[in-house]
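>>> sharing a model prediction with you, sequence too.
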Amino acid sequence: MADVYLTLLHHPVLDKNGMLVTTALTNMDIHDISRSARTYGVRAFYVATPVKALHVLAAKIIEHWQTGHGSTYNVTRKDALSLVRLERDLDGVIVAVERESGARPRLVVTSARGGPDRISFPALRAQLDTSPDPHLIVLGTGWGLAPEVTDRADIILEPVCGPTDYNHLSVRAAAAVILDRLRGTGYERPSSAKIQSCEGAP
């Protein structure tokens, strides 16, 4: 079974006008995604931002829950936050995963938009069950990952879709859904699956 890693990129991402931006780091993203990562057996969760001040902020949050008052106030939160690592960018994350796992990770890029060459959740789940290679699931903030990130993907995952044309999940919610579909228990593995397109995606 493949080791799964997760990263949340704050740059390069797009704003609602399609412009390249750097987004702010949020406390809730770190907390909630680390809890999902711990639940579904992710090896490490990398928060990547090039902004030094945000590294300092993230480090304070992690310290509070690892060695500060939070570490004794809520030990399950301490457990989840122990998975969080800080890096400047995607390249730094790839190097860190390779250093830990001994192999370059396969990049699994996520998007709320449909498009060609997507892999379905069941197909990726089956791949993870048998692959010896580490897989790095790449999440974007803002209005999604910039094309320069998507272009580097080994795998582009189909979007998370509901039964309506509203498709604006928070990245925290999307991360939980993605991990549940790829690592959750109780799923049967269909022999084939239709790739979703999410027509209402931004």
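Cool, got the structure. Numbers count the residues shown, from 1 in each chain.
>>> give me the three-state assignment for Ile178.
Assigned state for Ile178: helix (three-state reduction, DSSP: H, G, I helix; E, B strand; the rest coil).
>>> how many other residues sit next to it?
23 (other CB atoms under 10 Å). From N, CA and C alone the C-beta is placed, and that goes for glycine too.
>>> and the lengthiest helix in the chain, what's its mean pLDDT?
Taking DSSP state H as the criterion, the chain has its longest helix at helix 52-66. For helix 52-66, mean pLDDT is 88.
>>> next secondary structure after that helix?
Past helix 52-66, further along toward the C-terminus, the next helix or strand under DSSP states H and E is helix 69-73.
>>> so what secondary structure elements neighbour that following helix?
In terms of contacts (3 or more CB pairs under 8 Å, 6 or more residues apart in numbering; DSSP states H and E), helix 69-73 is packed against helix 52-66, helix 75-81.
>>> quick revisit: now do the buried residues in the longest helix of the chain.
Buried residues in helix 52-66, defined by neighbour count with 16 or more other CB atoms under 10 Å: 54-55, 57-58, 61-62, 64-65.
>>> cool, stretch 130-137 as well?
For stretch 130-137, burial by neighbour count (16+ other CB under 10 Å) applies to 134-137.
>>> can you give me the helices for this protein?
All helices of the chain, identified by DSSP H, fall at 27-39, 52-66, 69-73, 75-81, 90-101, 121-130, 147-150, 171-183.
>>> could you dump those helices into CSV with distance to Met19 added?
Formatted as CSV, the helices of the chain follow (distance: least, CB to CB, whole Å):
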stretch, distance to Met19
helix 27-39, 21
helix 52-66, 20
helix 69-73, 37
helix 75-81, 32
helix 90-101, 19
helix 121-130, 30
helix 147-150, 12
helix 171-183, 19
